[in-house]
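[1] turn this into a model:
(chains A and B)
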Amino acid sequence: MGHFISQLFHWYTTGSHWRGSNGVPALAWATVKVTAEAVLIALAVGLPLALWLGHTGRGGFLAINVTNVGRALPAIALLVIGVQILGIGEAPALAALVVLSLPPVVTNTYTAVRQVDPDAVDAARGMGMTGTQILFRVELPASLPLIAAGVRTAAVQAVATVTLAAYVAYNCLGSLILQGLSVNDHVEVVAGALLVIVLAFLTELGLAALQRALTPAGVKVAENAFATTN
Amino acid sequence: MPLRGVPIVGGSQPWIQWSWVEHHWGDIGSALGQHVELTLIAVGVGFALSLPMGLLAWRWRRFEKPVYGFTGLLFTIPSLALFAFLIPITGLGPTTAEIGLVSYTLLILVRNIVAGLNAVPGEVRDAARGLGFSRTKELVRVDLPLASPAIIAGIRLAVVTTIGLVTVASLAGAGGGLGTLISVGFQNNFRTQEVLGAGLSVLLAAVFDVTLVVVQRFVTPWAAVKGGA
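    Numbers count the residues shown, from 1 in each chain, chains lettered A, B, ... in the order given. Now for the predicted structure:
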């Protein structure tokens, strides 16, 4: 065990592991970049859709159940089928990430808008607000914490999925794990795994801070971000 | 006319080659069986661990933070990294797969157990106590039955999530199941195996999900009045 830890320490302090296109900084950047792209695309597509569904109260049952069973769609299957259509590399990785980031964004946004206090909406209507004004000035601000929770879930899950994209030749931190597994080099496997874990924790902590910052005063954070609503 | 049961690979291959499927029922069935077994063990063990943790966090508030902190930490670890991390310790095989899979069910199950128990109306518990129920009897006869819709919702989520994660375990060389079908298909550039692995995973999840909804209706007949589930 002590021997393994000293080997691990040696791996991290070897200069060549930190330089060039296969160095840790390049691999970490590749992981962060495609994660951010995917989450932004999922927000651009999913947010308007879910706000509209939530505001009108239409299609929610279908949206939530489709996304629920969609959880079982293995990320690896999405990646390998993506390769058949888009070829290897970044394209199938990005496509799979977008598909997997949509459910948390859509489900959380829809649930958040539906959970807005009906009295507040009534009051807004009584003050003469139009439907659009109610959406943007009442429902959206009250929904922000839960929407941010969805973004956080999506981003942490995306970091996990990019790691898998190493399997379809997207060069990222996961490549260290798979390369290590293929040559039975447990030191490289664990070295890569620890880097991925650190990145996931940083993503989680960073977005948790963002979520707190986005929570308007007086709005209680909805504790349960999981879709137990159906 | 291609040979029956021999994979057609390359650019012009169909998404599903039925002759291959017909000749490989056995392999497909055993992959599916392994997948079901890994899933059921993971959720079963996960539930056995989550129930005491959930009860602890519900009854004594000071345990709530550590329980959520620990299970949340496990949940945040990317799956491939967790399996990879375990391989030097527990080796390649079902043990590694199950440890990883169980650790992902904990947060989902504990949260739903606590949420369900917290939602039990105080009046009902007062009534139970007024009838002379002991704390244990109250828990078994009142609290847990009333919390069961939320608990079953948690089990549904855990099952569906686990079905998706089993494939990652097989990518790391641990376990097997439908993930093996997908990765062999990828290595041989054979679409049928990839599509079959994905399709059967989703189908499996849908079957389990519907079954659990039926179970939920059965154990909570009062909820059906409100059109629940």
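
[2] C-terminal to the least confident helix or strand in chain B by mean pLDDT, what's the next element?
    In chain B, no helix or strand scores lower on mean pLDDT, DSSP states H and E than helix B:18-23, which sits at a mean of 86. Note on helix B:18-23: by DSSP states H and E, the next helix or strand toward the C-terminus is helix B:25-59.

[3] helices or strands up against that following helix?
    Packed against helix B:25-59, as judged by 3 or more CB pairs under 8 Å, 6 or more residues apart in numbering or on different chains; DSSP states H and E, are the following elements: helix B:64-76, helix B:94-118, helix B:144-171, helix B:178-187, helix B:191-219. The way it works is simple: take the backbone N, C-alpha and C, and place the C-beta from them, glycine included.

[4] for A:A166, which of these is the nearest?
    helix B:144-171 (9.8 Å; CB to CB).

[5] what residues of that closest one count as buried?
    Buried residues in helix B:144-171, defined by neighbour count with 16 or more other CB atoms under 10 Å in any protein chain shown: B:144, B:146-171.

[6] do stretch A:25-37 as well
    Under 16+ other CB under 10 Å, the buried positions of stretch A:25-37 are A:A26, A:L27, A:A28, A:A30, A:T31, A:V32, A:V34, A:T35, A:E37.

[7] show me what contacts the fifth one?
    Residues counted as contacts of A:T31 (CB atoms under 8 Å, 6 or more residues apart in numbering or on different chains) are A:V159, A:V162, A:T163, A:C172, A:L173, A:G174, A:V196, A:L199.

[8] helix, strand, or coil at it?
    Under DSSP: H, G, I helix; E, B strand; the rest coil, the three-state class of A:T31 is helix.

[9] where does pLDDT dip in the chain?
    No chain in the question, so chain A it is. Across chain A, the ranges flagged by pLDDT under 70 are A:66, A:68-70, A:72, A:217-230.

[10] try again with chain B
    B:1-5, B:9-11, B:223-229.

[11] residue nearest the centroid of it?
    Geometric centre of chain B, nearest residue: B:V159, 2.2 Å, by CA atoms, centre = their mean.

[12] any idea how far that residue lies from B:Y68?
    In this view, B:V159 and B:Y68 are 21 Å apart by CB to CB, to the nearest Å.

[13] same question for B:A198.
    Distance from B:A198 to B:Y68, by CB to CB: 33 Å.

[14] higher neighbour count, the two?
    B:A198 (23 against 18; other CB atoms under 10 Å in any protein chain shown).

[15] and the closest residue to the more buried one other than its chain neighbours, what does it touch?
    Distances taken as CB to CB, 6 or more residues apart in numbering or on different chains put A:A77 closest to B:A198, at 3.3 Å, once the chain neighbours are dropped. Contact analysis of A:A77 by CB under 8 Å, 6+ apart lists B:T167, B:I182, B:E194, B:G197, B:A198, B:S201.

[16] switch the cut-off to 10 Å
    A:96, B:164, B:167, B:178-179, B:181-183, B:185-186, B:194-202 (CB atoms under 10 Å, 6 or more residues apart in numbering or on different chains).

[17] what does A:G23 give?
    A:G15, A:S16, A:H17, A:W29.

[18] got phi/psi on B:G91?
    Dihedral pair for B:G91: phi 80, psi -180, per degrees, to the nearest 10.

[19] number of residues surrounding it?
    B:G91, neighbours per other CB under 10 Å, totals 11.

[20] just give the nearest non-adjacent residue to A:L178, would you?
    A:A166 (4.9 Å).

[21] so which strand or helix has the residue nearest to B:A198?
    helix A:75-86.

[22] hmm, back to that, what about chain A: which of the buried residues of helix B:144-171 touch it?
    B:149-154, B:156-157, B:159-168, B:170-171 (CB under 10 Å from any CB of the partner chain).

[23] quick one: the residue nearest to B:I41 when sequence neighbours are not counted and chain A, what's the gap?
    The shortest distance from B:I41 to any non-neighbouring residue, by CB to CB, 6+ apart, is to B:E98 (5.9 Å). Taking CB to the nearest CB, to the nearest Å as the measure, B:E98 falls 18 Å from chain A.

[24] got a list of what the residue nearest to the centre of chain B touches?
    B:V159 touches A:71-72, B:39-40, B:42-43, B:46, B:105, B:108, B:204-205, B:208-209, B:211-212, counting by CB under 10 Å, 6+ apart.

[25] A:L43 now?
    By CB under 10 Å, 6+ apart, the neighbours of A:L43 are A:S101, A:L102, A:V105, A:T109, A:I147, A:G150, A:V151, A:A154.

[26] would you list those residues in TSV and tack on neighbour count, distance to A:P118 and secondary structure?
    Listed next are these as TSV, based on neighbours: other CB atoms under 10 Å in any protein chain shown; distance: CB to CB, whole Å; DSSP: H, G, I helix; E, B strand; the rest coil:
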residue	neighbour count	distance to A:P118	secondary structure
A:S101	27	30	helix
A:L102	21	27	helix
A:V105	24	24	helix
A:T109	28	18	helix
A:I147	25	19	helix
A:G150	30	22	helix
A:V151	24	26	helix
A:A154	26	28	helix
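
[27] name the nearest of the residues you listed relative to chain B.
    Of all those, A:A154 has the smallest distance to chain B: 13.2 Å, by CB to the nearest CB.

[28] was I right about that closest one contacting A:A38?
    Yes. The criterion here is CB atoms under 10 Å, and A:A154 meets it with A:A38 at 8.1 Å.

[29] show me the common contact partners of these two, please.
    Shared contacts of A:A154 and A:A38, counting by CB under 10 Å, 6+ apart, come down to A:L97, A:V98, A:L100, A:S101, A:L102.

[30] next one: A:T107 from chain B, what distance?
    11 Å.

[31] that residue is in contact with A:L49, isn't it?
    No. Between A:T107 and A:L49 there is no contact under CB under 10 Å: 11.5 Å.

[32] looking at those two, which one has more neighbours?
    Ranked by neighbour count (other CB under 10 Å), A:T107 and A:L49 place A:T107 first, with 27 against 16.

[33] picking that back up, how far off centre is the least confident helix or strand of chain B?
    29 Å (CA atoms, centre = their mean, to the nearest Å).

[34] near chain A at all, that helix?
    No. Applying CB under 10 Å from any CB, one finds helix B:18-23 separated from chain A by no less than 16.0 Å.

[35] all helices for chain A, in order.
    Applying DSSP state H to chain A gives helices spanning A:2-13, A:24-56, A:60-70, A:75-86, A:90-114, A:118-126, A:131-134, A:140-165, A:173-182, A:186-214.

[36] so which of those gets nearest B:A31?
    Once these are compared by CB to CB, helix A:75-86 is nearest, at 13.0 Å.

[37] mind listing what's buried along the closest one?
    Applying 16+ other CB under 10 Å to helix A:75-86 flags A:A75, A:I76, A:A77, A:L78, A:L79, A:V80, A:I81, A:G82, A:V83, A:Q84, A:L86 as buried.

[38] which of those lies closest to B:G116?
    Closest to B:G116, out of all of the buried residues of helix A:75-86 and judged by CB to CB, is A:A75, at 29.4 Å.

[39] residues in contact with the closest residue to that closest one other than its chain neighbours?
    Spatial nearest neighbour of A:A75, excluding adjacent residues (CB to CB, 6+ apart): A:T161 at 4.8 Å. Listed by CB under 10 Å, 6+ apart, the contact set of A:T161 reads A:34-35, A:38, A:75-76, A:78-79, A:93, A:96-97, A:99-101, A:174, B:78-80, B:168.
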